[in-house]
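K.L.:
when you get a sec, could you give me coordinates for this:
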Amino acid sequence: MSEDNPWRISGQLSPYQVRYFQQVLVVHANSPTTGVCPVCGVPRCDTWVGAYDALALAGEPMADPSRWGGGSDPAR
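P.N.:
Residues are numbered from 1 along each chain as shown. Presented below is the predicted three-dimensional model:
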């Protein structure tokens with residue numbers, strides 16, 4: 001298992017995995033008041049970084065495009 005990729009993500013994610021990793025980014029996002037993850041207590045915790053990397057590697061959006069207020073992503 002690679003330390004850079006603890007979830008063994010190969011580059012393609014199922015729709016379930018995409019939603020899961022997007023939710024991880026929300027839950028483990030740094031608090032604007034403290035500047036640290038509210039779960040782990042450190043900035044840019046390993047869980048957040050792993051989820052970000054998995055989504056980036058797969059070319060997936062970091063959040064559901066409907067949260068951006070613009071509807072669906074026209075590139076998809």
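
K.L.:
please make it C-alpha for all contacts and neighbour counts, starting now.
P.N.:
OK.

K.L.:
could I get the pLDDT score of residue 8?
P.N.:
Here, the pLDDT recorded for residue 8 equals 65.

K.L.:
and for the one 5 residues further on?
P.N.:
Looking at residue 13, its pLDDT reads 91.

K.L.:
so it makes contact with residue 59?
P.N.:
No: look at residue 13 against residue 59 with C-alpha atoms under 8 Å: they stay out of range, at 9.3 Å.

K.L.:
the more surrounded of these two?
P.N.:
Each of residue 13 and residue 59 has its neighbours counted (other C-alpha atoms under 10 Å); residue 13 has more, 17 against 12.

K.L.:
tell me the pLDDT of the closest residue to the more buried one other than its chain neighbours.
P.N.:
Among residues not flanking residue 13 along the chain, residue 58 sits closest, at 6.5 Å (C-alpha to C-alpha, 6 or more residues apart in numbering). Note on residue 58: pLDDT of 92.

K.L.:
quick one: residue 58 from residue 32, how far?
P.N.:
Distance of residue 58 to residue 32, computed by C-alpha to C-alpha, to the nearest Å: 28 Å.

K.L.:
need the helices for the protein, in chain order.
P.N.:
Secondary structure of the chain (DSSP state H): helices located at 15-27, 46-58.
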